[in-house]
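Engineer: here you go, sequence then predicted model.
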Amino acid sequence: MTAHIGLDLGIVAAQVATAAGGRGLEALRPDFIAVNDVLAAMVPEVESAVGDLSPAMGLLDRLGGRADGLAVTRVIAVARELAWRTATDVVREPESARASVIDGVDTEVAEWSRTIAHPGPIMSSALLTVRLLERRSVAESIDRLGAIEA
């Protein structure tokens with residue numbers, strides 16, 4: 001997800017804006033923001049589904065109350081805003097320099113991804129505990145989460 005939002009989304013937005021000719025990037029902004037609202041509206045159902053799949057995550061969700069859902073919504077909005085900034089940076093450059101901008105963002109996103117994949121011993125231990133308490137297979141979890149409608 002980090003690579004999708006952090007890199008791919010910005011590149012695609014820039015490509016769509018470029019292909020739209022005179023419309024430009026700012027014409028996409030209202031739709032881009034509207035997707036944030038759609039994603040935010042889905043957070044409670046996703047949290048519920050994750051809680052069904054993972055007792056530990058369900059407990060954390062109950063303990064977090066409304067705050068954890070707001071935090072998730074905020075993290076998504078910030079990540080998407082960074083993607084928008086990437087799109088803006090890419091569109092601003094001449095075609096010949098865009099690959100360099102994209103390479104720079106790719107390096108940044110790769111670093112974020114490494115941090116997420118290897119969060120350190122304390123967080124890794126906590127995540128292992130969560131995983132050990134899960135009661136469904138990966139396939140069942142994917143099916144459950146795939147049933148959520150926007």
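Structural biologist: The structure has been received and is ready for your questions. Every value quoted in this text rests on a predicted model; they were computed, and no experiment measured them.
Engineer: from the contact counts, what lies against the helix or strand containing Leu132?
Structural biologist: Here Leu132, judged by DSSP states H and E, is contained in helix 121-133. In terms of contacts (3 or more Cβ pairs under 8 Å, 6 or more residues apart in numbering; DSSP states H and E), helix 121-133 is packed against helix 55-92. The way it works is simple: take the backbone N, C-alpha and C, and place the C-beta from them, glycine included.
Engineer: mind giving me the packing neighbours of the helix or strand following the helix it packs on?
Structural biologist: Using DSSP H and E, the helix or strand that directly follows helix 55-92 along the chain is helix 98-117. Applying 3+ Cβ pairs under 8 Å, 6+ apart, one finds that helix 98-117 makes contact with helix 2-3, helix 9-19, helix 55-92.
Engineer: most packed of the ones you listed?
Structural biologist: helix 9-19 (a mean of 18; mean count of other Cβ atoms under 10 Å).
Engineer: what sits up against it?
Structural biologist: With Cβ atoms under 8 Å, 6 or more residues apart in numbering as the test, helix 9-19 has contacts from 23-25, 27-28, 32, 80, 82-87, 89-91, 98, 102, 105.
Engineer: over to stretch 28-37?
Structural biologist: Ala13, Val16, Ala17, Ala20, Ile76, Ala77, Arg80, Trp84.
Engineer: flag every buried residue along it.
Structural biologist: Along stretch 28-37, these residues count as buried under the neighbour rule (16 or more other Cβ atoms under 10 Å): Leu28, Phe32.
Engineer: for that stretch, what is the distance to the chain centroid?
Structural biologist: A distance of 14 Å separates the centroid of the chain from that of stretch 28-37, by Cα atoms, centre = their mean, to the nearest Å.
Engineer: report the mean confidence score over it.
Structural biologist: For stretch 28-37, mean pLDDT rounds to 91.
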